[in-house]
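> The sequence and its predicted three-dimensional model are supplied below.
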Amino acid sequence: MIQLNSEAPTLQSGRAAPDTSAVRPRRVLHPSLGIVLVLAGLEPVTTHAQIAPDQANEIRNAIGNRVEALAVLAGDYGITGGDFRTTGKFEGSETIDAEMVVTKLGGAGDFGMPRPVGGIGVGWQGRLQGNMGYIEATNHLHSPLLEGDINTFKEYAVEFGGGARFWVSDGLSLAPTVLGIYGHTSSSYTANSPFMQANFVRAIDMGLINWSVDTWTLRTAVNIQYLITWDRTRIKLSSEPTYYHTESFNSSNANLSLTGDSESIATTVDVDIPLGVELFGHELRSGGGFERNDFFGELRTGLNVDHIDEIEGRVVLDFLNELWKVQWIGVSASYVWGTSFTGWTAGLDVVFRF
Amino acid sequence: MQSVDPGARTLALTPRQGVTRTYQAGAQVQNLDRIRVGDTVRATVAEELTVYVLRDGELPGPGGMRQTIASDARVLWVDPSYRLLMLRYPDGRDETLKVPLGVKLGEMEAGDDVVIRPLEVRSLQVQAR
């Protein structure tokens, strides 16, 4: 026989899903990310030369990669963000002086209690995921041909979709999801170099600069998650292979249209530790984790990174079943690094559980 | 409000959902003599939940004796990490409780029986008469 005391149970009633995944607003980020320059590869023989057709095609391909990367980076909740700094480890002779501000708000979570699927011992929950994001990236170009030029990208993106999580045991679950991302990308170019001043109008006509494009992206993924409870500590291991297909459907320039395919695999370890002490009437919890995002296809070339690693720590107060659907409120910080940059995030950490 | 005894400082309350239980009025509850049967009140109450782990449907007692218990609810689900205990009452209603620190929820599991013992009323406010 085990006894427990509970005050005013009628004031604490509610339902809570028995897993740790939750709708979680992404931190508002203020990053700067060095992305390899679309136009930096332009190398005509002399500064009087014009942009050759094959060069234009090459640039357009690079723009396509960039647009897909920006749409996914801004629109997808699953891709990590951060306050990035370039490390200069780019290929070739180009150097990057770039600043990028990313603001993201979104979440992903399973809702309700698992319901049985037939009589096969499998439970399922609905899953929703959504995000909205804005990126403003300013690239100061440093190459013999384009020295002093400034290229600015802006990206608005919205993502929404869902799926279901299937529990095959108390710890192991799989969640296939289908989502759509709408993205609007625009480019604005300031020509200070003699070459681009001479070619400015032609570059606009060719759709290389000062363009805008609307895109849609189909995102399909399977989240594979394993939950371990050790004493009161929760350890979540997950992997999420994701496929993206992006196409443009509206463009300011007839020469600019794109279609692209990318893949990513997010591998995550998260530890959630109750500390057994209360602050302001709520239990303190600590935790953190490691996440690695591997990129493939045009996402890799557009961002010019093979993978992004992120290590996160947090201190939060437990509000679960005490304040609406809030699971915790606290602060968190993370360090992010990749092939060609490092970065960090810090901010308010609020998690909801439905 | 089903009944009130100001002398004994006891109250019998029926919640919107659930069964009538009799509570002792806490020291902080005053003016009990103004409470009438039939009043609708908002009450903060303390209750003690006892979770019984049954063996073969019966409760092991001292000396090997077995006894049956009248269960008020059944454990539906336990989250020891976030100190949550979900109960299902006989009328099908579910309720999730946040239990205090120190309660060993890890020793409970779905299917355990629960007995609820009313303790005291800690605050009382008449809503309608």
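Cool, the structure landed.
> Now do the same for the residue sitting furthest away from the middle of chain B: helix, strand or coil?
Largest separation from the mean C-alpha position in chain B: residue B:63, at 28.9 Å (CA atoms, centre = their mean). Here residue B:63 is recorded as helix under DSSP: H, G, I helix; E, B strand; the rest coil.
> And residue A:337, how far from chain B?
Going from residue A:337 to chain B by CB to the nearest CB, to the nearest Å gives 30 Å. Every residue, glycine included, has its C-beta placed from N, CA and C.
> which of the residues in the helix or strand hosting that residue are buried?
Mapping residue A:337 onto the secondary structure by DSSP states H and E places it in strand A:326-338. With burial defined by 16 or more other CB atoms under 10 Å in any protein chain shown, the residues of strand A:326-338 counted as buried are A:326, A:327, A:328, A:330, A:332, A:333, A:334, A:335, A:336, A:337, A:338.
> and the longest strand for chain A?
Longest strand in chain A by number of residues, with DSSP state E as the criterion: strand A:95-117.
> Number of residues surrounding residue A:216?
15 (other CB atoms under 10 Å in any protein chain shown).
> In contact with the spatially closest residue to residue A:316 that is not a sequence neighbour, which residues?
Leaving out its chain neighbours, the residue that sits closest to residue A:316 by CB to CB, 6 or more residues apart in numbering or on different chains is residue A:330, at 2.7 Å. Contacts here follow CB atoms under 8 Å, 6 or more residues apart in numbering or on different chains; on that basis residue A:330 touches A:285, A:314, A:315, A:316, A:317, A:348, A:349.
> Tell me the one among those nearest to chain B.
Among these, residue A:285 lies closest to chain B (CB to the nearest CB), at 8.8 Å.
> Pull out the buried residues from the helix or strand containing the closest one.
Under DSSP H and E, the secondary-structure element containing residue A:285 is strand A:282-297. Burial within strand A:282-297, assessed by neighbour count using 16+ other CB under 10 Å, is assigned to A:282-285, A:287-289, A:291-297.
> Stretch A:57-64 now?
Residues of stretch A:57-64 classed as buried: A:59, A:60, A:62, A:63, A:64 (neighbour count, 16+ other CB under 10 Å).
> ok so, going back, closest one to chain B out of the buried residues of strand A:326-338, please.
Taking CB to the nearest CB as the measure, chain B sits nearest to residue A:327 out of the buried residues of strand A:326-338, at 7.8 Å.
> and the direction of the longest helix anywhere in chain A versus that of strand A:95-117, what angle?
The residue-count maximum for a helix in chain A (DSSP state H) belongs to helix A:53-75. Relative orientation of helix A:53-75 versus strand A:95-117 (axes from the mean of the first three to the mean of the last three CA atoms, to 10 degrees): 50 degrees.
> Please state the offset of helix A:53-75 from the chain centre?
Between the centre of helix A:53-75 and the centre of its host chain there is 18 Å, according to CA atoms, centre = their mean, to the nearest Å.
> Likewise for stretch B:105-113?
With CA atoms, centre = their mean, you get 17 Å for stretch B:105-113.
> Compute the first-to-last residue distance for it.
Counting by CA to CA, to the nearest Å, the length from the leading to the trailing residue of stretch B:105-113 is 14 Å.
> That one: which residues count as buried?
Within stretch B:105-113, the residues scored as buried using 16+ other CB under 10 Å are B:105, B:108, B:112, B:113.
> how about the residues you listed in JSON lines, adding pLDDT, distance to chain A and secondary structure?
Converted to JSON lines, those look like this (pLDDT from 0 to 100; distance: CB to the nearest CB, whole Å; DSSP: H, G, I helix; E, B strand; the rest coil):
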{"residue": "B:105", "pLDDT": "84", "distance to chain A": "8", "secondary structure": "helix"}
{"residue": "B:108", "pLDDT": "83", "distance to chain A": "6", "secondary structure": "coil"}
{"residue": "B:112", "pLDDT": "86", "distance to chain A": "8", "secondary structure": "coil"}
{"residue": "B:113", "pLDDT": "84", "distance to chain A": "10", "secondary structure": "strand"}
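> on that earlier part again, helices or strands up against the longest helix of chain A?
Judged by 3 or more CB pairs under 8 Å, 6 or more residues apart in numbering or on different chains; DSSP states H and E, helix A:53-75 is in contact with strand A:95-117, strand A:122-142, strand A:150-167, strand A:172-190, strand A:212-230, strand A:233-251, strand A:259-279, helix A:298-303.
> want to throw these into CSV with distance to chain B and mean pLDDT?
Below are the helices and strands packed on helix A:53-75 laid out as CSV (distance: least, CB to the nearest CB, whole Å; pLDDT from 0 to 100):
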stretch, distance to chain B, mean pLDDT
strand A:95-117, 8, 77
strand A:122-142, 12, 87
strand A:150-167, 13, 93
strand A:172-190, 16, 95
strand A:212-230, 6, 96
strand A:233-251, 5, 96
strand A:259-279, 6, 95
helix A:298-303, 35, 82
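> Could you give the average pLDDT over stretch A:323-343?
Stretch A:323-343 shows a mean pLDDT of 84.
> to the chain's geometric centre, what's the distance from it?
Taking CA atoms, centre = their mean, one finds the center of stretch A:323-343 at 12 Å from the center of the full chain.
> One more: stretch A:152-166?
When C-alpha coordinates are averaged (CA atoms, centre = their mean), stretch A:152-166 and its chain have centres 9 Å apart.
> quick one: buried residues of that stretch?
Residues A:153-163, A:165-166 are the ones in stretch A:152-166 that count as buried (16+ other CB under 10 Å).
> Also stretch A:209-217?
Going by neighbour count (16+ other CB under 10 Å), the buried part of stretch A:209-217 is A:209, A:210, A:211, A:213, A:214, A:215, A:217.
> before we move on, what about stretch A:216-225?
Buried positions in stretch A:216-225, judged by neighbour count with 16+ other CB under 10 Å: A:217, A:219, A:221, A:223, A:225.
> ok so, going back, nearest to chain B among the buried residues of strand A:282-297?
residue A:283 (6.6 Å).
> show me what contacts the closest one?
Per CB under 8 Å, 6+ apart, neighbours of residue A:283: A:274, A:275, A:276, A:277, A:317, A:318, B:83, B:101.
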